[in-house]
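Peer 1: Here is a sequence together with a model predicted from it:
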Amino acid sequence: MTPTSTDAIKSNLGEAGTHLKQAASDAGEAIRNAAGVAGEELKIGKANVKSGLADSALAGIAAAENAGGAAREQVDALMDKGRDLIESAAELVRERPLASFGVAFAAGFIIAKLARSGDK
């Protein structure tokens, strides 16, 4: 018996079905593999984010520690300037005692006048 055209079609369709099943199986396996790889990449990404956040926190803590030192430096600089001004004033009083007394008296007089005019 010779194969008919119908038999040939059935055979070809059967072969196409077999190939289609294999393709579906390969696609499922590819999706599973992609999901596995994506999961690993997600774990790596999560670890990198945690590492970056930890590094950022450490840098912030270091900046805060340095801020305290910088504040102390600024306070020390202001204290030095204040001492210099006091020394300059003391030197001026020693050099010109009468002028210093006159300026202090005038400043006190003006302050007293301003204080009395504010009471009215």
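Peer 2: Yep, it's here. Numbering: from 1, shown residues only.
Peer 1: State the next helix or strand along the chain beyond the helix or strand encompassing residue 19.
Peer 2: Assigned by DSSP states H and E, residue 19 belongs to helix 5-95. Following helix 5-95 in sequence order, the next helix or strand is helix 97-119 (DSSP H and E).
Peer 1: what about dumping the CA coordinates of that next one to PDB?
Peer 2: The C-alpha trace of helix 97-119 is given here as PDB (Å, rounded to 0.1, in the frame of the first residue of the first chain):
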ATOM      1  CA  PRO A  97      44.400 106.600  79.700                       C
ATOM      2  CA  LEU A  98      42.700 110.000  79.600                       C
ATOM      3  CA  ALA A  99      41.300 109.500  76.100                       C
ATOM      4  CA  SER A 100      40.100 106.000  77.100                       C
ATOM      5  CA  PHE A 101      38.400 107.400  80.200                       C
ATOM      6  CA  GLY A 102      36.700 110.100  78.100                       C
ATOM      7  CA  VAL A 103      35.400 107.600  75.600                       C
ATOM      8  CA  ALA A 104      34.100 105.300  78.300                       C
ATOM      9  CA  PHE A 105      32.500 108.300  80.100                       C
ATOM     10  CA  ALA A 106      30.800 109.500  76.800                       C
ATOM     11  CA  ALA A 107      29.600 106.000  76.000                       C
ATOM     12  CA  GLY A 108      28.100 105.600  79.500                       C
ATOM     13  CA  PHE A 109      26.400 109.000  79.200                       C
ATOM     14  CA  ILE A 110      24.900 108.100  75.800                       C
ATOM     15  CA  ILE A 111      23.700 104.700  77.100                       C
ATOM     16  CA  ALA A 112      22.100 106.300  80.200                       C
ATOM     17  CA  LYS A 113      20.300 108.900  78.000                       C
ATOM     18  CA  LEU A 114      19.000 106.200  75.700                       C
ATOM     19  CA  ALA A 115      17.800 104.200  78.700                       C
ATOM     20  CA  ARG A 116      16.000 107.200  80.200                       C
ATOM     21  CA  SER A 117      14.400 108.100  77.000                       C
ATOM     22  CA  GLY A 118      13.100 104.600  76.500                       C
ATOM     23  CA  ASP A 119      11.400 104.700  80.000                       C
END
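Peer 1: From the rest of the structure, what touches that helix?
Peer 2: Residues outside helix 97-119 that contact it (Cβ atoms under 8 Å, 6 or more residues apart in numbering): 92-93. In this view, the C-beta of every residue, glycine as well, is placed from N, C-alpha and C.
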